[in-house]
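S.K.: sequence and predicted model, in that order:
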Amino acid sequence: MSSLSVTSLNKSYGKLHAVRDVSFEVARGDVFALLGPNGAGKTTTIEILEGFLKRDSGDVRVLGVDPGVHANQRWLRSRVGVVLQELAVEAFFTVREVLERNAGFYREPRAVDEVIELVGLREKADVKVKMLSGGQQRRLDIGLGIIGNPLLLFLDEPTTGLDPAARRMTWDLIRTLSDQGTTVMLSSHYMDEVEALARHVVVLAKGRVAASGTPSSLGGRDLGKVAISFTLPSSVAVTDLPVTPSCCQGQRVEISTECELEVLARLTSWALAKDVQLVGLCVMRQTLEDVYLGLTRESLTSSEEVRS
Amino acid sequence: MATPPPREHTRTSDLRLVLHQVRYEQKAFWINKVGALFTIGFSVLFLVMLGATDGKQTISYLGNITNDDYYVPGFIAYGIMSACFSMLTINIVNRRESGLLKRLRLTPLPTWALLVSIFISTAIVAIVQVIVLLLIGRLGYAVPFPREWLAFVVVLVVGIASFTAMGMAVSSVIPNQETAGPVTSVAFFVLLFLSGLWFPLQASSGLAKFSNFFPVRHLLLAVRAPFEQQPGLSPWAWHDLGIVAAWGVVAAIVATRRFRWAPRRA
């Protein structure tokens, strides 16, 4: 059974069609990323999944259950963890007190000490929340999201404002949860984070699904052109190369190709035979960020054309 | 496909949930020592100070009772209102605007359980105050306990419930944290003053007629009735109790319609 399944979801606010015909499916234990610029329909979709907003049409199942039905909400709340973007934890309680309070809301919570350990706050367990740094508070917030041992966890920009070490720690935590079978629905503006964590990605633009797939294949990223670049020694002329470069800046050469193996083979065997150094040789595929920007920019211009 | 999930909670588990939350509501109240002192200490301080200055003077137009006899029920009413109205309003606005209520709503704690817990916790604070004030009055100023306990308890229940509803209603119309404190305190103290908490009003005075529109004076009168020691005076102030309850009902309707969980977006 999939943890989340959305079929032909639609939602409008007056004349604004915020979500149009969105469908996706998330398997149990997956880390899934929903991406899109502000106003793309991300928040609306997530709030419908969390049961805060009513949909206009389409079918939505969270853990096999419709979140739009009021009678299902208490059942869902005890199985779904939500970590919002804004921090909100009682400042005058200690880390342990807040976790113990929330643990009491669930039938089968995780052990408080286990959660403190998981989010790396062992030294701060008996410290008041107001004495924690921003990053520590954010980790406590994630701790509150998982204290009920959820099957599904919504994480809204979990590492915004964290230092690199704390970010990596949060990544490890998300991987651990996923390994333990928790499905994670991630939203983030950091493409490196999405690439590091997500198994599946859906990009929304103007309320529609602009692309979906794995981070490495999104938008034909694995099939698209590859840029090979290097610097030629001044003794060698660009015209001597066995392949035609796409562009040159002085001695810096860039070759854009879809057959990177063949080009590399010809290039390196030529260089070895002539004893030429290819300084700073680099093979670059489009980054996820390039693909993401391409997808969301395209949707912006095309919708503007429709309007004019 | 559309089979509903099984119901997992029972009446016992729900009760346990409420008690759990009440414990943390209480903890949150007593942890903030300044807040607790302001809520409970103010009524005690006023009673002690006023009692020490002119407590033995008698009030001719109120059947020659002493000022102490007048102040003890007055500050009991004040204690109920400060806990259930001012303190609650500020507490709810702060928690709503800082996102704490929204956060709680994401947990399996049902809405009704949260509201019941807040109500119970507020009532505990009010009752602790009432007990302290009764004891100070009796031990410090020889003011007798209520002659009619049942009437006194009914007044407490109606007063606590109605002013809690008013606190909830007012919190739902206050836009932000910055205005919560000043707005409630000013409105509350002006009404207390006009309703005759610090100086007794003659029932026929213009001030009394004005403050009769508001629930504050009626609660003051309703709390005093069970203390009346004169034979022939009823311990039940039905008229005042009814007006307090009516305000409570209207407030409850406003509160259920306008109550918000999330902070107002800029």
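M.R.: Everything's here; your move. Numbers count the residues shown, from 1 in each chain, chains lettered A, B, ... in the order given.

S.K.: which residue is the nearest non-sequential neighbour of the residue of the stretch 51-200 of chain A found nearest chain B?
M.R.: Relative to chain B, the nearest point of the stretch 51-200 of chain A is A:Ala88 (3.4 Å; Cβ to the nearest Cβ). C-betas here are computed from N, CA, C, even on glycine. Nearest residue to A:Ala88, sequence neighbours excluded (Cβ to Cβ, 6 or more residues apart in numbering or on different chains): B:Gly99, at 3.4 Å.

S.K.: secondary structure class for the residue of the stretch 51-200 of chain A closest to chain B?
M.R.: Following DSSP: H, G, I helix; E, B strand; the rest coil, we place A:Ala88 in the coil state.

S.K.: list the contacts of B:Ala151.
M.R.: Applying Cβ atoms under 8 Å, 6 or more residues apart in numbering or on different chains to B:Ala151 gives the contacts B:225-226, B:235-236.

S.K.: quick one: name whatever helix or strand follows the strand or helix carrying it.
M.R.: Under the criterion of DSSP states H and E, B:Ala151 resides in helix B:149-173. Later in the chain than helix B:149-173, the nearest helix or strand by DSSP H and E is helix B:177-194.

S.K.: and the angle for that next one with helix B:149-173?
M.R.: 140 degrees (axes from the mean of the first three to the mean of the last three Cα atoms, to 10 degrees).

S.K.: now tell me what touches helix B:177-194 from outside.
M.R.: Counting by Cβ under 8 Å, 6+ apart, residues outside helix B:177-194 touching it are B:78, B:81-82, B:85-86, B:89-90, B:93-94, B:97-98, B:170-171, B:174, B:198, B:207, B:210-211, B:214, B:216-217.

S.K.: buried ones in that helix?
M.R.: Using 16 or more other Cβ atoms under 10 Å in any protein chain shown as the test for burial, helix B:177-194 gives B:180, B:183-184, B:187-188, B:191-192, B:194.

S.K.: please apply the same query to stretch A:204-218.
M.R.: A:204-213, A:215, A:218.

S.K.: quick check: buried residues in stretch A:183-195?
M.R.: By neighbour count on 16+ other Cβ under 10 Å, the buried set for stretch A:183-195 is A:183-188, A:191, A:193-195.

S.K.: ditto for stretch B:21-37
M.R.: B:21-22, B:24-25, B:27-29, B:35.

S.K.: so who does residue 160 touch?
M.R.: Let's take chain A. By Cβ under 8 Å, 6+ apart, the contact list for A:Thr160 reads A:85, A:189.

S.K.: the chain in question should be chain B.
M.R.: Applying Cβ under 8 Å, 6+ apart, the residues contacting B:Ile160 are B:80, B:84, B:122-123, B:126-127.

S.K.: taking these one by one, which sit in helices?
M.R.: Among the contacts of B:Ile160, the members found in helices (DSSP state H) are B:80, B:122-123, B:126-127.

S.K.: now do the phi/psi pair for the residue lying closest to A:Asp222 once chain neighbours are set aside.
M.R.: Nearest residue to A:Asp222 in three dimensions, chain neighbours excluded: A:Ser216, at 5.8 Å (Cβ to Cβ, 6+ apart). Note on A:Ser216: backbone dihedrals following degrees, to the nearest 10 are phi -80, psi -20.

S.K.: from A:Gln286, how far out is A:Ser216?
M.R.: Distance of A:Ser216 to A:Gln286, computed by Cβ to Cβ, to the nearest Å: 11 Å.

S.K.: how many neighbouring residues does B:Val216 have?
M.R.: 26 (other Cβ atoms under 10 Å in any protein chain shown).

S.K.: model confidence for it, exactly?
M.R.: If you check B:Val216, the pLDDT there is 89.

S.K.: what do you get for the one 5 residues further on?
M.R.: Confidence per residue is given as pLDDT, and for B:Leu221 that number is 89.
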